[in-house]
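J.: Generate coordinates for the sequence data below:
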Amino acid sequence: MLKKCLEMMQRRAPSIKLELNQASYHAGEKIEGHFQLLGGWKVQDLNRLDCDLVIKNSATDKIVNIKNVLSIYMTKQLKSNERIQKPFKFRLPEELEPSSGTLVYELQTKLTFANEKCAKDDRQVKILA
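T.: Sure thing, here's the model as predicted:
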């Protein structure tokens, strides 16, 4: 019973999702979309929104490089069940190699609350030749 209650509370936790207009891009191209913030079962004070472009070697599961895309400090409340959309724009670096079987690109998003808890989202981006 307790496990079931905890699972329900977890599902009602605040969340963030990065929604992109496309799934694949060329190096140097502009990525556009928006962050979708969804309030949980109680009011949360927001502290910070971070997004990084993470380049991974999928064969070894090791991070090759991390490029900070944006960091936004905020003093806003996310109310219960509230939905907020924040626009997202980022120009990819020109020197990126195309995605391959081993080279993977991810946009990793983290929303930090005043109580130091976080909501995370990872969105894979394919870089075309």
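
J.: Got the phi and psi for the residue minimising distance to the centre of the chain?
T.: The centre of the chain sits closest to Thr109, judged by Cα atoms, centre = their mean, with a distance of 2.3 Å. The phi and psi values for Thr109, taken as degrees, to the nearest 10, are phi -110, psi 140.

J.: residue contacts, it?
T.: Contact analysis of Thr109 by Cβ atoms under 8 Å, 6 or more residues apart in numbering lists 16, 18, 35, 49-51, 120-123. (Each C-beta comes from the backbone N, C-alpha and C, glycine too.)

J.: rerun that using 6 Å as the cut-off
T.: By Cβ atoms under 6 Å, 6 or more residues apart in numbering, the residues touching Thr109 are 16, 18, 51, 121.

J.: closest to Trp41 among those residues?
T.: The shortest approach to Trp41 among the contacts of Thr109 belongs to Ile16, at 16.0 Å (Cβ to Cβ).

J.: correct me, but that closest one touches Arg123?
T.: No. Using Cβ atoms under 6 Å, Ile16 is not in contact with Arg123, being 10.7 Å away.

J.: Tell me which of the two has more neighbours.
T.: Using other Cβ atoms under 10 Å, the more surrounded residue of Ile16 and Arg123 is Ile16, with 21 against 17.

J.: Show me the beta-bridge partners of the more buried one.
T.: Leu37 (DSSP bridges).

J.: Kindly state the pLDDT recorded for it?
T.: Per-residue confidence (pLDDT) for Ile16: 93.

J.: what's the answer for Leu6, then?
T.: Leu6 carries a pLDDT value of 46.

J.: Name the helix or strand for Asp121, please.
T.: Element membership of Asp121, judged by DSSP states H and E, is strand 118-128.

J.: tilt between the single longest strand found in the chain and strand 118-128?
T.: Longest strand in the chain by number of residues (criterion: DSSP state E): strand 62-78. With axes from the mean of the first three to the mean of the last three Cα atoms, to 10 degrees as the basis, strand 62-78 and strand 118-128 are set at 130 degrees to each other.

J.: Tell me how far Trp41 lies from Leu111.
T.: Separation of Trp41 from Leu111 (Cβ to Cβ, to the nearest Å) stands at 16 Å.
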